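Participant: Fold the following and give me the result.
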Amino acid sequence: MDVLWEFLQAGIVGNISAGNMVMLVIGCTFIYLGIAKDYEPLLLVPIGFGILVGNIPLSPGMNVGIYESGSVLNILYQGVTQGWYPPLIFLGIGAMTDFSAMLSNPRLILLGAAAQAGIFLTFAGSLLLGFPPKDAAAIGIIGGADGPTAIFLSSQLAPHLLGAIAVAAYSYMALVPVIQPPIIKLLTSREERLIRMKPSRPVSKRVRILFPVVAFILCACIAPGSISLLGFLFFGNLLKESGVTERLAKTARNALIDTVTILLGLCVGASTDASRFLTLDSVKIVVLGAASFCVATAAGILFAKLMNVFAKDKINPIIGAAGVSAVPDSARVCQMVGAREDPQNFLIMHAMAPNVAGVIGSAVAAGVFLARFVF
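Facilitator: Just a heads-up that it's a prediction; the model follows:
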């Protein structure tokens, strides 16, 4: 009986806490939302199961926990803490992204830039709530709705907040279909939602090949801190557009990004140990993340309405919501909202322009923060 009792004490009986139970419920909720509601299952299912892995109580010293040096989970987690996984995710995104919609209508880039207001307003709000500047910068990037960028920046500036920031960023990315439609309807009239935009003009292959090279040089000169992310993004896009490296592009957008997504999601979830995650700072981060995402969505829509004051060819302000970096989910939401008003109004290709511009914009913003607080 003594041996049995000691065995039980090493596991759940001797180490369970209310916080662990709360996190286990949250993990199960994430899995439910991913499977039953189809809310970004490729993100929520790995993160949700990772939360279960990270919150099974056990005695310290067993060398299996994610924070125990040398354990398998700890080694895999180094891809998050050292910033290895986000550039590889960007490589895959670049290999599957078509920048033609943005190149055919460059003015829509401004919508992606306007949506980054959520990042800098959240940065200011974090400072007002008492966070140090580095922590505030890492929290602010949640406003871009770009999980890999949020992980990359927080690993450099605020590693102690990495779990909370990563979970918040990916949670709001997954909840794009829930959060954005009410904001779009609140800020637009039915007449505006019915606006039909001109079809995109074709973009030559030469322009598509030159774009990742030229864009990378320009962005890297403006924000050198973004090289790790944008370098991989534009390299992946060059693999796609060149026409001579299709095998590499196929690997990047399929096997590689799928593998990294599995590891990233599981490790991010497992990092949410209740003793580290259930804190007042985590609550503040979740609230600030929700506010920043709403502000970013609203900023893109309102800027589209402002552009219509001066533009001859009107922009459907719905696509301003796609200025956040949740690719391609925000563009799909814009299409869905527009189709409810007019089933023959196809907005998704127009929405992809600010959507991919937002990816670039959030990476540049991360580079600006790195340059300010690291170098």
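Participant: do you know how far the residue nearest to residue 236 when sequence neighbours are not counted is from residue 219?
Facilitator: Taking CB to CB, 6 or more residues apart in numbering as the measure, residue 236 lies nearest to residue 94, with 2.7 Å between them; neighbours along the chain are not counted. The way it works is simple: take the backbone N, C-alpha and C, and place the C-beta from them, glycine included. Distance of residue 94 to residue 219, computed by CB to CB, to the nearest Å: 13 Å.
Participant: Any regions of the stretch 51-200 of the chain where pLDDT drops low?
Facilitator: Under the criterion pLDDT under 70, the flagged ranges of the stretch 51-200 of the chain are 59-61.
Participant: What is the neighbour count of the residue nearest to residue 236?
Facilitator: 29 (other CB atoms under 10 Å).
Participant: neighbouring contacts of the helix or strand hosting it?
Facilitator: Per DSSP states H and E: residue 94 is located in helix 85-96. Contact with helix 85-96 is made by 79, 148-149, 151-152, 212, 228-240, 248-250, 252-253, 256-257, 260-261, 263-264, 267, 327, 359, 363, as judged by CB atoms under 8 Å, 6 or more residues apart in numbering.
Participant: what's the spacing between that helix and its chain's center?
Facilitator: 12 Å (CA atoms, centre = their mean, to the nearest Å).
Participant: now stretch 71-84
Facilitator: Averaged C-alpha coordinates place stretch 71-84 at 19 Å from its chain's average position (CA atoms, centre = their mean).
Participant: what's next to that stretch, contact-wise?
Facilitator: Applying CB under 8 Å, 6+ apart, the contact partners of stretch 71-84 are 53, 63-68, 85, 151-152, 155-156, 159, 162, 166, 228, 260, 263-264, 266-268, 270-271.
Participant: What subset of those is buried?
Facilitator: The neighbour-count test (16 or more other CB atoms under 10 Å) applied to these identifies 53, 65-66, 85, 151-152, 155-156, 162, 166, 228, 260, 263-264, 266-268, 270-271 as buried.
Participant: neighbours around residue 50, how many?
Facilitator: Neighbourhood size, residue 50 [other CB under 10 Å]: 26.
Participant: pLDDT value on it, please?
Facilitator: On the pLDDT scale, residue 50 is placed at 94.
Participant: Do me a favour and get the backbone dihedrals for the nearest residue to it once chain neighbours are set aside.
Facilitator: The shortest distance from residue 50 to any residue that is not its chain neighbour, by CB to CB, 6+ apart, is 2.1 Å, and that residue is residue 269. With angles defined as degrees, to the nearest 10, residue 269 shows backbone torsions of phi -60, psi -40.
Participant: Done for today, thanks.
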